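Asker: Sequence plus the predicted model coming up.
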Amino acid sequence: MPRRAVAALAAVLVVVAGALVAWRLLAPTTPIEEALGYVPADASRVSWTDWGAVRRELGADVDARSSGEEVDAFVTEAFGADLSSMSALGTSASTMQTELGFSPASLRWELLAQSTRGAVEVLGVGEGTSFDELADRLADAGWTEPDEDDGVWVGGPDVVAGVGSLTPELQHFVLLADRGVVLASDQAPYLEQVVEADDGATDDMRAVVRALGEPVAAAVYDGDYVCERLAMAQADEDDQAEADQLLAAAGDVHPLTGFAMGVLPGGDLRAVMQVEDADDAPGDADARAQLAAGPAPGQGGDFTDRFSVEAASSDGREITLDLEPEEGTYVLSDLTSGPVLFATC
């Protein structure tokens, strides 16, 4: 082969290899990262439930053929194990199962993304779910079919009320059959905007989620939301004064640009906090680990009543605390609303 041809072929191979490496680096590697691809870029908070993992954790044998009562019992058990507190589908599960043909008994996962403009439910449906059957069910129940395959099925309060007990977030649907995903929202125009934008979550939110791993259930917040909702400003004056003393003893902490907390398979928890400057992360990791092992002003008692800190580390801008919960505690549902001292800004 002529030298020029060899050189050209080598150049092509380098480009292809580079593109393949870049695709692997950018491609989602976990279910929650996949779900983030459907999240609008202005989402300030995300609630995640891996229903397949919940079923495995509980040893549940519910599926698309289960009765509404069996699905309700499963969701109740999941809530008692603090595995479904992030879901928006708890009170809708039985009706979804009987009327729509899918529910937490068969969903792969669920992600609720919220922003100041609206909210969208992203549902990864099970492999056995028929989108044709789902479309027929929606049409029969009163939803208006869109002209295009990825258009919005328009329902509304009256349609939902006629079906049964469904959360308002399930008023309007988009069926993405080729991706095995259903989108839903209480606002049809907002849902249409989400589909058209197709932008996905911000890089900061993706980085926090990547550090979280593969949670069974999780809450993820951007910087503005965590610094407002988990801040010690939510506590009364006495608790704020105690927090100031504890912070002074622990050392400097810096404002957060992201936060996530999740329950991992097996029951342990992980908290991930992101700071603006990677140089600040190691010091923040030490200080926040110390805060997480002491009193919990604003929450009551000590954090050690709820969990023990098993490890603290930093990688780039992300700080990770691995936590082992005490039996009978509800760490995820309790500590994803403020004030939370170790997540203060």
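Answerer: The structure has been received and is ready for your questions.
Asker: any idea of the mean pLDDT for stretch 66-81?
Answerer: The pLDDT scores in stretch 66-81 average 97.
Asker: no no, stretch 196-204
Answerer: 91.
Asker: List of residues touching it?
Answerer: 36-41, 43, 46, 113, 206, 209, 222-223, 257-258, 274 (Cβ atoms under 8 Å, 6 or more residues apart in numbering). Backbone N, C-alpha and C define where each C-beta goes, glycine included.
Asker: Span of it from start to end?
Answerer: End-to-end distance of stretch 196-204 (Cα to Cα, to the nearest Å): 22 Å.
Asker: again with stretch 74-94
Answerer: 10 Å.
Asker: just how off-centre is it within its chain?
Answerer: 15 Å (Cα atoms, centre = their mean, to the nearest Å).
Asker: ok, now stretch 119-137?
Answerer: In this view, stretch 119-137 has its centroid 19 Å away from the chain centroid, taken as Cα atoms, centre = their mean.
Asker: Which residue ranges of the stretch 101-250 of the chain form helices?
Answerer: 131-141, 157-163, 188-197, 203-212, 223-229, 237-250 (DSSP state H, counting those that start in this stretch).
Asker: which one of those is the most hemmed in?
Answerer: Ranked by mean neighbour count, those are led by helix 203-212 with a mean of 21 (mean count of other Cβ atoms under 10 Å).
Asker: Before we go further, Thr257 is sitting in a strand, right?
Answerer: Yes - Thr257 forms part of a strand when assessed by DSSP: H, G, I helix; E, B strand; the rest coil.
Asker: List the residues that contact Tyr225.
Answerer: Tyr225 makes contact with Ser44, Arg45 under the criterion Cβ under 8 Å, 6+ apart.
Asker: pLDDT value on it, please?
Answerer: 96.
Asker: now Gly338
Answerer: 88.
Asker: That one against Tyr221, yeah?
Answerer: No - the pair Gly338 / Tyr221 is not scored as a contact, 10.5 Å apart, by Cβ atoms under 8 Å.
Asker: more neighbours, the two?
Answerer: Tyr221 (24 against 20; other Cβ atoms under 10 Å).
Asker: just to revisit the earlier point, just the buried ones out of the contacts of stretch 196-204, please.
Answerer: 36-40, 43, 46, 113, 206, 209, 222-223, 257-258, 274 (16 or more other Cβ atoms under 10 Å).
Asker: now Thr344, nearest residue through space, not along the chain?
Answerer: Nearest residue to Thr344 in three dimensions, chain neighbours excluded: Met232, at 5.1 Å (Cβ to Cβ, 6 or more residues apart in numbering).
Asker: nope, Glu214 is what I was after
Answerer: Using Cβ to Cβ, 6+ apart, the closest residue to Glu214 is Thr30 (4.9 Å).
Asker: Rebuild the helices of the stretch 101-250 of the chain as JSON lines, extending it with distance to Gly301.
Answerer: As requested, these are exported to JSON lines (distance: least, Cβ to Cβ, whole Å):
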{"stretch": "helix 131-141", "distance to Gly301": "47"}
{"stretch": "helix 157-163", "distance to Gly301": "41"}
{"stretch": "helix 188-197", "distance to Gly301": "41"}
{"stretch": "helix 203-212", "distance to Gly301": "26"}
{"stretch": "helix 223-229", "distance to Gly301": "21"}
{"stretch": "helix 237-250", "distance to Gly301": "12"}
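Asker: can you tell which of these is closest to Pro325?
Answerer: Nearest to Pro325, of all those, is helix 203-212, at 15.9 Å by Cβ to Cβ.
Asker: chain center to that closest one, what's the gap?
Answerer: With Cα atoms, centre = their mean, you get 11 Å for helix 203-212.
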